[in-house]
Each structure stands twice: as C-alpha cells, then as structure tokens.
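1. no letters, just coordinates:
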C-alpha cells in the first residue's frame, strides 16, 4: 500500500517542477480561493496567504496543490460543504477551516474526497464542523497530522471527525480528533492503516468500523469516549500497541468486538474502562501481550466465541478479570499474569503450580442480576467464589490458566 502512495507522491513532485504558483490574498489580484481554483492549470500550486476567506462549495476538479501560509482561515458561514475534491493528485496543506453547514439530510463536510486517488490532506485545522474529513470511494491517499475539534453534544445532530466509506489503501496518521460523534469511522473500507492518532472526548466512539477487512490499527490513543471503540462484522484486523482508557458508563467499554474473525490484538493497554474488551461472536483471535489495568471487567465474553487464544497478557487489579456467560469453553488461556492469583511456585520456574480460574461466581451472578454489584467486596461473595472455585457448577470447569505466570509480563 505504501508503495502505491509513495509513487503517487513522487509523480506529483516531478509534475510540480513544471507548474506555477498562484497567490491568493486580500490585496492580491486573486482574492477568492474558488476563483483561483478555476484559474489554475493542472498541477499548479495555489498559495493562500494568512487572512480570512468567507467561502464554501469550493470544488477541486483538477490536480492541484493548495497550501496555506500561517493557517489562513476559511469560514464556511454554516452554508454547506466547504472543499470537495473530485480529482486525483490533489494536496491540501496548512488550512484552518471553520463553520461547516449542518443538515439532517446531507452529510456536509469540511473536506470531502469523492472517487479520487493519490491525494494528501495534511496539517489542516478543522473547527465548528458537522463532518470533518469525509472520504467517499477514495483510494491510495493520506490523511496526516490534522487537528479536528468539534462541538458535538448529542449523536443525532453531529457528524464524525474522519469518515471512510468504500475506501481502499488509505493512511490515517497522526491526527487529533475531539468532540465529534465518532472520532474515526470506517465502513466497507479495506487495507486501511490507522496509526498514531489521538481520538478523545467524543460523544459516541473514538473509533467505529464495520464491514472493513485487513485493516491495521497501531499506536493510537482512544481516551474518554462515550462508549469506547466498536469493531464489528470484519475480518483479518490487526490492532497493535493502542491505548483504550477512561471509557466509563453503563454501556461503555474500551473495545467492543462483534462478529470479528481471524484477528490479532497485541500489545494494547486497557485501563480504567467499565469493560476492557466486550466480546461477542468473535472467533480465532489471538490476544497476546495486552495489559488490562483497573477495569471493571477486563474481559466480558458474551457467547459464540471459539478458538481464541489469550497468551502472555497482564491482568492487574480489575474488579473482575473475566466474565463468561456459557458453560462451554473452546478458548485457550495460557501463561498470563493475574494479580489476583494466590498460588505458589515451589520449583521457581516462574509458573504457578496451581491453575488459576479467572471466572468468579459473583461475576456470573452480576451478569444475571446487575443490582447485586452492591455486594462487591463483601465477605459473603468471597465465600461463594471460594466454593465455586473448589467445585465449579455454574462456570466452565475447563476454563482456567494452567500455567499462570508469577511475574508480570514485560
């Protein structure tokens, strides 16, 4: 994927050597960005000087580079979409865009890309928006280093920060997204790289994607979002070294997995969430070297989850390490570190001599009667948990870590 994108950028660089630069400013011959776009020839550069430009519905229908000097302000005056790209080989760099129009029938965006290839949107500041950056049937592009700050309060009248719909081979890198509905949203988008972004304080999800396959998510921070991150109806997903934190609420989680198959979830941190990972109908997933710290539930497995492996993960100071609503277990728990493990290691090989049962009877009871959570930490609950551990009746008798680690995994 990177090869195609780099070739596209190299091609733009070669073409730009023959192009000219048109300058837009309040005292220049060209005072309007829309007029400059209409005047420019293919592969020209439009340099927008610092200032305020009250414009919207700017349609870029030819290969151009549009550069902002000291972040010129484009004010859409809430009249509709502001920039629409319908051509291949377009670069947008260094603009400050505000006041996108709001509509209940049209998804107005600050910048929309429609059926275009080899584009770059970088170093753009977006505020007072409906949708931020909307990619529609776009391919081989980059969305890099942008700052998106919305003012969303409720889901029904707000849009998403970065949205991809029917896209392929896109890189979304190093963006900051706050106070929108979903920070990053993907639907029917394959071979996407989502890397080094911070998506926080959003009304619903920090990241939300459906029907999107073979995507990679790495080194992102998803913090204090309304419901966390939702991953649904997709396959061959890779999530590496992300942070899911402070997603609190009755319907919140660090990460929701629903109908996900053949995926890798490695090196992630789940901290201070109501539920670290909420899993349903997800199979053949490798959970490796993740850390679950101070969550209500580290893992909540709701059913129809088979052939998953949980290896070399750290479970630290969670109220419940694992919730399981079935007596049938087809998943493997092996060589994890459990802070609640009270076993011993007589031969000093670093592995506990007594298996660890991560499912407590109290967790089973709370699943069926949530009100009983008020009994958490009570002596009565400790007694029934101990009795279930000795003779499992309600929890799967084969659900255990036979080789729990005595020291935290590095």
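-> Arrived safely. Because the structure is predicted, anything quoted here is derived from the model rather than measured.
2. which parts of the stretch 301-410 of the chain are strands?
-> In the stretch 301-410 of the chain, the segments counted as strands under DSSP state E, counting those that start in this stretch are 309-311, 314-316, 320-324, 332-334, 337-338.
3. pick the most deeply packed of those.
-> Stretch with highest mean neighbour count among the strands of the stretch 301-410 of the chain: strand 320-324 (a mean of 24; mean count of other Cβ atoms under 10 Å). (Glycine included, C-beta is placed from N, CA and C.)
4. work out which residue lies at the spatial centre of the chain.
-> residue 207 (3.1 Å; Cα atoms, centre = their mean).
5. find the nearest non-adjacent residue to that residue, please.
-> residue 229 (4.4 Å; Cβ to Cβ, 6 or more residues apart in numbering).
6. now swap in residue 338 and tell me
-> Once its chain neighbours are removed from consideration, residue 338 has its nearest residue in residue 315; the separation is 4.9 Å (Cβ to Cβ, 6+ apart).
7. next up, the contacts around that neighbour.
-> Counting by Cβ atoms under 8 Å, 6 or more residues apart in numbering, residue 315 makes contact with 292, 298, 321, 336, 337, 338, 339, 340, 358.
8. show the pLDDT at it.
-> The per-residue pLDDT reported for residue 315 equals 98.
9. pLDDT below threshold where in this structure?
-> Within the chain, the ranges that satisfy pLDDT under 70 run 1-18, 361-396.
10. what ranges do the helices span in it?
-> In the chain, helices defined by DSSP state H lie at 2-16, 33-39, 361-368, 379-390, listed in chain order.
11. and the shortest one, what does it pack onto?
-> The reference is to helix 33-39. Using 3 or more Cβ pairs under 8 Å, 6 or more residues apart in numbering; DSSP states H and E as the contact test, the elements touching helix 33-39 are strand 21-24, strand 45-48, strand 58-60.
12. got the contact list for that helix?
-> 22, 24, 30, 46, 48, 53, 55, 57-60, 62, 64, 66, 74.
13. in it, which residues are buried?
-> In terms of neighbour count (16 or more other Cβ atoms under 10 Å), helix 33-39 has its buried residues at 33, 34, 36, 37.
14. over to stretch 81-88?
-> Buried residues in stretch 81-88, counting neighbours by 16+ other Cβ under 10 Å, are found at 81, 82, 83, 84, 85, 87, 88.
15. got the domain ranges for the chain?
-> Under automatic domain parsing, the residue ranges defining each domain of the chain are 1-226, 233-359+395-410.
16. ok, and the closest non-adjacent residue to residue 124?
-> For residue 124, ignoring the flanking residues on the chain, the nearest one in space by Cβ to Cβ, 6+ apart is residue 146 at 4.6 Å.
17. residues touching that neighbour, list them.
-> Applying Cβ under 8 Å, 6+ apart, we find residue 146 in contact with 121, 122, 123, 124, 125, 126, 132, 133, 162, 175, 176.
18. now, which of these sits nearest residue 141?
-> When the contacts of residue 146 are compared for distance to residue 141 (Cβ to Cβ), residue 121 wins out at 7.5 Å.
19. number of residues surrounding that closest one?
-> Using other Cβ atoms under 10 Å, the number of residues around residue 121 comes to 26.
20. same question, residue 407
-> For residue 407, the count of nearby residues is 10 (other Cβ under 10 Å).
21. same check on residue 237?
-> The number of residues packed around residue 237, counting by other Cβ under 10 Å, is 21.
22. same check, this time on residue 186
-> The burial count assigned to residue 186 is 29, neighbours taken as other Cβ under 10 Å.
23. can you offset everything so residue one is 575?
-> Fine by me, first position is 575 from now on; the one you just mentioned is residue 760.
24. let me see the contact set for it.
-> Residue 760 makes contacts with 737, 738, 739, 741, 766, 782, 783, 784, 786, 789, as judged by Cβ under 8 Å, 6+ apart.
25. for the fifth one, which non-adjacent residue is closest in space?
-> The spatially closest residue to residue 766, leaving aside those adjacent along the chain, is residue 789, at 4.4 Å (Cβ to Cβ, 6+ apart).
26. the one you found against residue 809, yeah?
-> No. Counting by Cβ atoms under 8 Å, residue 789 stays clear of residue 809, with 9.9 Å between them.
27. who has more neighbours, the two?
-> A side-by-side neighbour count of residue 789 and residue 809, using other Cβ under 10 Å, places residue 789 first with 23 against 17.
28. for that one, what are its contacts?
-> The neighbourhood of residue 789, defined by Cβ under 8 Å, 6+ apart, consists of 760, 763, 764, 765, 766, 767, 768, 783, 808, 811, 812.
29. make a PyMOL selection of whichever of those residues turn out to be buried.
-> To isolate the buried ones among the contacts of residue 789 in PyMOL, judged by 16+ other Cβ under 10 Å, type:
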select buried, resi 760+763+764+765+766+767+768+783+808+811
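30. can I get the contacts of residue 789 in TSV with distance to residue 984?
-> Rendered in TSV, the data for the contacts of residue 789 read as follows (distance: Cβ to Cβ, whole Å):
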residue	distance to residue 984
760	32
763	35
764	34
765	32
766	30
767	27
768	26
783	31
808	30
811	25
812	21
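31. between the contacts of residue 789, which is closest to residue 794?
-> Ranked by distance to residue 794 (Cβ to Cβ), those are led by residue 768 at 6.2 Å.
32. tally up the residues packed near residue 803, please.
-> When neighbours are counted by other Cβ under 10 Å, residue 803 comes out with 28.
33. check residue 680 too.
-> Residues lying near residue 680 (other Cβ under 10 Å) number 12.
34. same question, residue 594
-> By other Cβ under 10 Å, the burial measure for residue 594, its neighbour count, is 10.
35. any idea how far it lies from residue 738?
-> Plainly put, residue 594 is 33 Å away from residue 738 if you go by Cβ to Cβ, to the nearest Å.
36. ditto for residue 811
-> Between residue 811 and residue 738 the distance is 14 Å, computed by Cβ to Cβ.
37. tell me the contacts of the spatially closest residue to residue 914 that is not a sequence neighbour?
-> With Cβ to Cβ, 6+ apart as the criterion, residue 914 has its nearest non-adjacent residue at 6.5 Å, and that residue is residue 895. With Cβ under 8 Å, 6+ apart as the criterion, the residues that contact residue 895 are 866, 871, 872, 873, 889, 912, 914, 932.
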